[in-house]
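Undergrad: the sequence and its predicted three-dimensional model are supplied below.
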2 protein chains.
Amino acid sequence: MSIASPATQPVLIAGTWRDANASSTFQATDPNRNEKLDASFPVSEWKDCDEALDAAVEAAAELRKLGPEKVAEFLECYADKIDAAKDKLVETAFAETGLARSPRLADVELPRTSNQLRAAAKACRTGNWALPTIDTQAGIRSCYGPLGPVCVFGPNNFPFAFGSVSGGDFAAAIGAGNPVIGKANSSHPDTTRLFAELALEATAETGLPAATVQLIYRTSHADGEKLVSDPRVGATGYTGSRGAGLTLKAAADKAGKPIYLELSSVNPVVITPAALQERGDAIVDEFMTSVLMGTGQFCTNPGTVMLLKSDATDQFIAAVKERFSTSPSGTLLSPAVASSLGKSIEALVGFGAELLAGGGEAEADRCAIANTLLKTSGAEFLSNPEGFQTEAFGNASLLVVADDLDQLCEAIRHLEGNLTGCVYSANDGSDEESYSKIAFELEPKVGRLLNDKMPTGVAVSPAMNHGGPYPATGHPGFTAVGVPGALLRFGKLTSFDNVRESRLPALLKDTPPTAETWRMIDNQWSQGSVS
Amino acid sequence: MSIASPATQPVLIAGTWRDANASSTFQATDPNRNEKLDASFPVSEWKDCDEALDAAVEAAAELRKLGPEKVAEFLECYADKIDAAKDKLVETAFAETGLARSPRLADVELPRTSNQLRAAAKACRTGNWALPTIDTQAGIRSCYGPLGPVCVFGPNNFPFAFGSVSGGDFAAAIGAGNPVIGKANSSHPDTTRLFAELALEATAETGLPAATVQLIYRTSHADGEKLVSDPRVGATGYTGSRGAGLTLKAAADKAGKPIYLELSSVNPVVITPAALQERGDAIVDEFMTSVLMGTGQFCTNPGTVMLLKSDATDQFIAAVKERFSTSPSGTLLSPAVASSLGKSIEALVGFGAELLAGGGEAEADRCAIANTLLKTSGAEFLSNPEGFQTEAFGNASLLVVADDLDQLCEAIRHLEGNLTGCVYSANDGSDEESYSKIAFELEPKVGRLLNDKMPTGVAVSPAMNHGGPYPATGHPGFTAVGVPGALLRFGKLTSFDNVRESRLPALLKDTPPTAETWRMIDNQWSQGSVS
């Protein structure tokens, strides 16, 4: 059964673009006009998932046979195709997300995306993601390897760099040797479709199974839960709202299937009075740039600023209020984001937060809300810490002004898990004792602790942790950004005990597969052969 | 409220041995006599858990301040005390478990236990478990660190090496810098009590918070679920039955708390006809030693042997049947184990397995069942793969005889996740093609793939994976045995972004904390300083 019209876009299953088994269709919205775009996309029935899963299982077996070098070639070929298709990708994503064509989409996110794929290719080729470990005395060798088909649910806010078939989870899952079933984000289906076309071309050109990359656009919630818990699935990567993410988590957990989630985060930024006395104007600038960049739609947007009562703090608040009021508000990603932001602001005001700027209704002819600044006291925050941690995803931020350091630390102890936490303190070291107390409380709550820097930049670095304690993510030990670390999420650890050398994976044979491969041989990291 | 009699053993909470808030009491059984032992132990009410959690939170903060060197000193001091208390520990464990005093308890398990603690101490001191990573260009450094109080539920079958306050999970959790709340296994509470006494002494001697190690003996199931999902808990390690483990998993998952499980495993051993033709007698010997060792009560006991129809296979079966029938049966750990083994055998027979040896009733005056050998065909196995994978924990094994290689591979594809999988093939390489097909199917199902070797030895090696796909464990990426890998389970990943050098943890400062510390600096593993 298909109720999709001839104009409805096909899904990519088992290497073929074919009509979906669709229960209904949907269209994306151009948020700059608040009008639906022409292209129609199918909501798949279970049959599409089922066929994609069967094809993915076959592709997974084939990829294991082909090995890392071929997978690396695919990732590099795909990266080149993405770079070459830049103009079309940027135009399509601009229409679907309203994100600026330049520098954001064309000059920042697109190169980041292709370079992420190349970094994953390198980790795949060298095997340096897989922690190869050799114990010559015990005759045991171990490494991580593929764990099976991976489902990727991408978020709305990075159509390229976190896209379902182009972004960080995709690169990590493929780099670890697994096929991917992408579930497009409903706000940019056409962008995702373009990526899948390029990926399919790249599989053909590099000799990978066509079902290495598959794409569906949307399913019912029930089918989404069925998908992530299917016996044929190896793991799932999800980035998006907390509600939908926790529903998928419950289903995957019950089936014993790993699921990696990147959910909400208010990214507390603590700024001491001494820092503000020393360089208040500069901090105002840094904060404003960070909080309104991309209309505040970053996972690491500084949604909560924690301050201490002082004259310098008052001046900071006055300056920030002025800037919030006078800065033009950017376009939000979709009507849903605008609606959700409006509701979150309303909720925070309902809990007693004071509205310093913005807070109005969504605009009618554009997905936008005025830049919104809210304020509360440390005591109020502590009277309802859960409420005041309501994420307001978008161009909004909440200031929490504590009476003293003890109250500030107590508020930090009441924070949920977050992706990031920042501390701005005096450069001259005059408030080092305060810093120590603040950082000691903040560090257990965050995946990344920053000094004197806003959290919105997420460098693709081996030392990056784009992760954090629940509910920022589902597990405090994994990062979604950074190669080789991100690949570990999609790996299965296997020991080879007394396995004959000729039968070992290339990564564990006496001679390493590449000169750049690092292996832990008898407790020492080495690039050499087993002696 | 306490209904415990004066003779009831106290619990160890916040550094004090005190009367439990007990809802009832229980006694362990001497399985060699099938009689209850004198000592009475409390079933704690929630108040005990609650107080232990509060104390553990304080201890966790204190341990973070003290740092790895002090934790390492504690682990070493505790290891020495265990060695010194060998005789008492062995006698007590013998009375509670029936495991042989020598060599098993005194000469194998006890040294393994203290050496595990010393290995964890070394990993803790050097930081080599924590994957320290430095990106000098981006100014970001990351490593794993403690994640908070860890609950450890130890199994019945290793009173020392997997004991709640002495074993692998304990060593890993403490080595990663976390305090432990031990939940004793009910079959050897007095052994666990002795360990806790030694641990408490060691905390005092090395200046660690007294609540670094706490001990309760038993709780209601509801309180167990409440414990692993409490906001104050960092993570849980559980080794034991699948049913209880999955109940705890559901509770922990829902709360977003990591839980590491080691559950059931039938540890398939595939033996090719060519291997049997070549060295059938030797393989019979190896199998018999492995399958009846410790009365078959190893997590990696070879519970399923997969064979191919052939004369050599018939001879193997006849020889093994003879040996099962004539070998004296060992003592099982407890009446519960004997009862459960009896039920599993009954279930397998019910599914149609042929009883080749044993299968009788449990003995009355000892926890024991005759060595039991069962057989089924590949076709029957495939008609009910779930049923025929019923774990028969103890001195029993199921032979599955497939018609041909295709059927064997199909049966392997129907296996659940297991800790181990073995393939015995010809030494002369004459059945290499069969090996390839078998191993290709088996590898994704197991945490450790062995060649020509039984699975029961679990070396404490950095390359060991004592883990495997669900439902052998809860996650395919983690090992419960092996240092430094096992510690990663109890670590939280943290990036330090632009953090001033003086404020970094010792492991990430420009100069490494020890000469043996390995860090990944700008993509190269190094023991040097940041230049």
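TA: Looks like it came in fine. Owing to the predicted nature of the structure, the values given are computational and were not obtained by experimental measurement. Numbers count the residues shown, from 1 in each chain, chains lettered A, B, ... in the order given.
Undergrad: what about stretch A:97-115 and chain B, any contact?
TA: No. If you take Cβ under 8 Å from any Cβ of the partner chain as the test, stretch A:97-115 misses chain B, and the best it gets is 13.6 Å. Glycine gets a C-beta too; all of them are placed from N, C-alpha and C.
Undergrad: what's the spacing between stretch A:332-351 and its chain's center?
TA: 21 Å (Cα atoms, centre = their mean, to the nearest Å).
Undergrad: run through who's touching it.
TA: Outside stretch A:332-351, the residues that touch it by Cβ atoms under 8 Å, 6 or more residues apart in numbering or on different chains are A:28-29, A:31, A:34, A:97-99, A:156-157, A:187, A:295, A:297, A:355, A:358-359, A:361-362, A:367-369, A:372, A:374, A:376, A:380, A:384, A:387-388, A:390-396, A:398.
Undergrad: mind listing what whichever residue of the stretch 151-300 of chain A sits closest to chain B touches?
TA: With Cβ to the nearest Cβ, the shortest gap between the stretch 151-300 of chain A and chain B falls at residue A:256, namely 3.1 Å. Residue A:256 makes contact with B:417, B:470-471, B:474, according to Cβ under 8 Å, 6+ apart.
Undergrad: neighbour-wise, give me the winner out of those residues.
TA: Within the contacts of residue A:256, most neighbours by other Cβ atoms under 10 Å in any protein chain shown means residue B:474, with 25 neighbours.
Undergrad: so which of the contacts of stretch A:332-351 are in strands?
TA: Here DSSP state E is the test, and the contacts of stretch A:332-351 give A:29, A:355, A:372, A:374, A:376, A:396, A:398 as lying in strands.
Undergrad: not counting its neighbours along the chain, what's nearest the third one?
TA: It stands for residue A:372. In space, and not counting its chain neighbours, residue A:372 is closest to residue A:358: 3.3 Å by Cβ to Cβ, 6 or more residues apart in numbering or on different chains.
Undergrad: ok, now the fifth one?
TA: In space, not counting the residues next to it along the chain, residue A:376 is nearest to residue A:353; the distance is 4.7 Å by Cβ to Cβ, 6+ apart.
Undergrad: which residues sit in contact with the closest residue to chain B within the stretch 351-500 of chain A?
TA: Proximity of the stretch 351-500 of chain A to chain B (Cβ to the nearest Cβ) peaks at residue A:470, 3.1 Å away. By Cβ under 8 Å, 6+ apart, the contact list for residue A:470 reads A:416-417, A:476, B:255-257.
Undergrad: hmm, 6 Å instead?
TA: A:417, B:256 (Cβ atoms under 6 Å, 6 or more residues apart in numbering or on different chains).
Undergrad: gap between it and residue A:476?
TA: 7 Å (Cβ to Cβ, to the nearest Å).
Undergrad: same question for residue A:236.
TA: Separation of residue A:236 from residue A:476 (Cβ to Cβ): 18 Å.
Undergrad: so residue A:356 makes contact with residue A:322?
TA: No. With contact defined as Cβ atoms under 6 Å, residue A:356 does not reach residue A:322; the gap is 9.7 Å.
Undergrad: the more surrounded of those two?
TA: Using other Cβ under 10 Å as the criterion, residue A:356 and residue A:322 rank with residue A:356 on top: 20 against 14.
Undergrad: ok, for residue A:136, nearest residue in space, not its chain neighbours?
TA: Per Cβ to Cβ, 6+ apart, closest to residue A:136 is residue A:522, 5.7 Å.
Undergrad: what residues does chain A have near chain B?
TA: Remark: the part of chain A in contact with chain B comprises A:133, A:135, A:138, A:140-142, A:147, A:253, A:256, A:258, A:448-451, A:453, A:459, A:461-465, A:470-471, A:475-477, A:491-493, A:495-500, A:518, A:525, using Cβ under 6 Å from any Cβ of the partner chain.
Undergrad: any weak-confidence spans in chain A?
TA: Applying pLDDT under 70 to chain A flags the ranges A:1-6.
Undergrad: domain-wise, how is it divided?
TA: As recorded under automatic domain parsing, the domains making up chain A are A:35-263+A:480-485, A:269-451.
Undergrad: ranking the ones you listed by burial, who's on top?
TA: Ranked by mean neighbour count, the domains of chain A are led by domain A:35-263+A:480-485 with a mean of 23 (mean count of other Cβ atoms under 10 Å in any protein chain shown).
Undergrad: okay, how far is it across it, tip to tip?
TA: Start-to-end span of domain A:35-263+A:480-485 (Cα to Cα, to the nearest Å) is 40 Å.
Undergrad: tell me how far it lies from the chain's centre.
TA: The chain centroid and the centroid of domain A:35-263+A:480-485 are separated by 12 Å under Cα atoms, centre = their mean.
Undergrad: where do the helices sit along the stretch 201-350 of chain A?
TA: Under the criterion DSSP state H, counting those that start in this stretch, the stretch 201-350 of chain A contains helices at A:221-228, A:242-254, A:273-292, A:311-326, A:335-350.
Undergrad: list the contacts of residue A:75.
TA: Residue A:75 makes contacts with A:117, A:120-121, as judged by Cβ under 6 Å, 6+ apart.
Undergrad: and it, that one's in a helix?
TA: Yes. Under DSSP: H, G, I helix; E, B strand; the rest coil, residue A:75 falls within a helix.
Undergrad: related to what we said a few turns ago, in strands, which of the residues of chain A next to chain B fall?
TA: Per DSSP E, the residues of chain A next to chain B map to strands at A:133, A:135, A:140-142, A:448-451, A:491-493, A:495-497, A:525.
Undergrad: what separation is there between the nearest residue to residue A:277 once chain neighbours are set aside and residue B:90?
TA: Of all residues not flanking residue A:277 in the chain, residue A:312 sits nearest, at 4.7 Å (Cβ to Cβ, 6+ apart). Taking Cβ to Cβ as the criterion, residue A:312 is separated from residue B:90 by 66 Å.
Undergrad: what's the answer for residue A:252, then?
TA: 44 Å.
Undergrad: residue A:465 and residue A:447 touch, don't they?
TA: Yes. In this structure, residue A:465 is within contact of residue A:447 by Cβ under 6 Å, at 4.6 Å.
Undergrad: residues making contact with stretch A:11-27?
TA: Counting by Cβ under 6 Å, 6+ apart, residues outside stretch A:11-27 touching it are A:2-4, A:8, A:10, A:36-37, A:40-45, A:47-48, A:51-52, A:55, A:196, A:210-211, A:214-216.
Undergrad: pull out the buried residues from that stretch.
TA: A:11-15, A:20-23, A:25-26 (16 or more other Cβ atoms under 10 Å in any protein chain shown).
Undergrad: so which of the residues you listed are in helices?
TA: Among the buried residues of stretch A:11-27, none falls in helices (DSSP state H).
Undergrad: closest to chain B out of those?
TA: residue A:14 (19.9 Å).
Undergrad: next, that closest one: phi, psi?
TA: Phi and psi for residue A:14, reported as degrees, to the nearest 10, are phi 50, psi 40.
Undergrad: equivalent analysis for the one 3 residues further on, please.
TA: In terms of degrees, to the nearest 10, the main-chain angles of residue A:17 are phi -80, psi 110.
Undergrad: bridging residues for it?
TA: residue A:12 (DSSP bridges).
Undergrad: return the distance of it relative to chain B.
TA: For residue A:17, the distance to chain B (Cβ to the nearest Cβ, to the nearest Å) stands at 30 Å.
Undergrad: swap in residue A:85?
TA: Where chain B is concerned, residue A:85 sits at a distance of 28 Å (Cβ to the nearest Cβ).
Undergrad: leaving out the residues flanking it, which one is nearest to that residue?
TA: Leaving aside its sequence neighbours, residue A:85 sits nearest to residue A:198 (Cβ to Cβ, 6+ apart; 6.0 Å).
Undergrad: regarding the one you found, what is its secondary structure?
TA: What three-state DSSP gives for residue A:198 is helix.
Undergrad: does it really touch residue A:80, like I thought?
TA: No. In this structure, residue A:198 is not within contact of residue A:80 by Cβ under 6 Å, at 9.4 Å.
Undergrad: show me the contact partners of stretch A:225-232.
TA: So stretch A:225-232 is contacted by A:49, A:53, A:57, A:151, A:236, A:248, A:251-252, A:255, A:257, A:259 (Cβ under 6 Å, 6+ apart).
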